[in-house]
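> Any chance you can model this:
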Amino acid sequence: MTVPLSILDLATIGRGQTAAESLAGSVAMAQLAEELGYRRVWYAEHHNMSAIASSATSVLIAHVAAHTESIRLGAGGVMLPNHSPLTIAEQFGTLETLHPGRIDLGLGRAPGSDQNTLRALRRDPMSSDSFPQDVLELQGYLTGPTRIQGVEATPGKGTNVPLYILGSSLFGAKLAAQLGLPYAFASHFAPNALRDAVALYRREFQPSAQLDAPHVIAGANVIAADSAAEAQAMFRDTLRSRVSLFFGGGKVFSDDEADMILDSPQGQHMSQMMTYSAVGTPDTVLDYLEEFTAHADADELILAHQSTGSQARLRSVQLLAEVAGLVRV
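Residues are numbered from 1 along each chain as shown. Have a look, this model is predicted:
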């Protein structure tokens, strides 16, 4: 690969699996990624989703960091409008203090949940409007000076945890450019604005104390397997599991029911969300990712290994590392 590879671990709870088993799988994936030479592993904040175990993102990062030694770990991302900037500064300042030089903080403004869950989170529906100001307040707690006179984050102050702006539209791209921060585009599930957002970010980027040149991280889905047929079967199972997650309302559809929904307009929209997916044997996946890197004008790829089983995801992580020439630590 011509760019570094990283991992977005969705902490998926597979069919018949417990949350504890999913989190153990996250530890195993980070340990393997560290051994194989991936740059970083990120976890995303989601709420009220029965198939995702990364809701308490900072807690999961702390647990994985305690079971690894060198790989960078972070949020991809924390949905900042769900929290006060001070709380997040204290959490990630603590993580950086415990695991110096290893912690990233990616920030998004989406809720990561539905409207009922917003109420359960005690979130103001208008809180996303203050996202740019909240990012600056958070940055002040971590790097100084504080923007709230007399209020400091402890731990946090002086830790200089690097911030990343996450997005799937031109809004995040413009903000990241104005603040001189790295930009991560969620093209693994929201592909439509990728090229326009990256172009805007590069065109309007202003250097900052954190970053002197633009840095784009683009997301893609990956299923690498020993055979093309095996990879395609796992990709279909992944789509089926998403049908139950988004349309099931707590019900798990049979394969036939899920396939019927996938063939409907709603299901086709779900397939379109996964436009950027590298599926097949390792060589096929590598070729796709090289082309995607150029298409996205990316400096780094963050990859969601999408198989429904933990062992298959670990196998995908390993196969890609071997064919991409990553260097074992």
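> Could you use CA atoms for every contact and neighbour count after this?
OK.
> what about the strands in the stretch 51-200 of the chain?
Counting by DSSP state E, counting those that start in this stretch, the stretch 51-200 of the chain has strands at residues 72-79, 103-108, 163-167, 183-185.
> Kindly compare burial across those strands and name the winner.
strand 183-185 (a mean of 29; mean count of other C-alpha atoms under 10 Å).
> From residue 182, how far off is the residue nearest to residue 132 when sequence neighbours are not counted?
Leaving aside its sequence neighbours, residue 132 sits nearest to residue 175 (C-alpha to C-alpha, 6 or more residues apart in numbering; 7.2 Å). Distance, residue 175 to residue 182, using C-alpha to C-alpha, to the nearest Å: 10 Å.
> just residue 268 next, same as before
Taking C-alpha to C-alpha, one finds residue 268 at 32 Å from residue 182.
> Between the two, tell me which one has more neighbours.
Remark: of residue 268 and residue 182, residue 182 carries more neighbours, 24 against 12, as counted by other C-alpha atoms under 10 Å.
> on that earlier part again, list residues touching both of residue 175 and residue 182?
residue 165 (C-alpha atoms under 8 Å, 6 or more residues apart in numbering).
> Now the strands of the stretch 51-200 of the chain in a markdown table, please, with extra columns for distance to residue 293 and mean pLDDT.
Shown next, in a markdown table, are these (distance: least, C-alpha to C-alpha, whole Å; pLDDT from 0 to 100):
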| stretch | distance to residue 293 | mean pLDDT |
| --- | --- | --- |
| strand 72-79 | 19 | 96 |
| strand 103-108 | 21 | 98 |
| strand 163-167 | 18 | 97 |
| strand 183-185 | 12 | 98 |
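> next one: the biggest helix by length in the chain to chain centre, how far?
Determined from DSSP state H, the single longest helix within the chain is helix 228-247. Per C-alpha atoms, centre = their mean, to the nearest Å, the displacement of helix 228-247 from the mean C-alpha position of its chain is 19 Å.
> Identify the residues contacting it?
49-51, 223-225, 250-253, 255, 258-259, 261-262, 267, 270-271, 279-281, 306-308.
> Would you map the helices across the stretch 201-329 of the chain?
Along the stretch 201-329 of the chain, the segments classed as helices by DSSP state H, counting those that start in this stretch run 228-247, 255-262, 265-273, 282-296, 310-324.
> And the ones you listed: which comes nearest residue 83?
helix 228-247 (24.8 Å; C-alpha to C-alpha).
> Just the angle for that closest one relative to helix 282-296, thanks.
50 degrees (axes from the mean of the first three to the mean of the last three C-alpha atoms, to 10 degrees).
> any idea of the mean pLDDT in helix 228-247?
Here helix 228-247 scores 89 as its mean pLDDT.
> quick one: buried residues of it?
228, 231-232, 234-245, 247 (16 or more other C-alpha atoms under 10 Å).
> which of these are the two that sit furthest away from each other?
Pairwise over the buried residues of helix 228-247, using C-alpha to C-alpha, the maximum falls at 228 and 247, 28.4 Å.
> Just the terminal-to-terminal distance for stretch 197-210.
Span of stretch 197-210 from end to end, C-alpha to C-alpha: 21 Å.
> who's in contact with it?
162, 168-170, 173-174, 176-181, 183, 212-214, 216, 296-297.
> Quick check: phi and psi at the residue of the chain positioned farthest from its centre.
Residue farthest from the centre of the chain, counting by C-alpha atoms, centre = their mean, is residue 150 at 33.7 Å. Backbone torsions for residue 150, taken as degrees, to the nearest 10, come to phi 80, psi 0.
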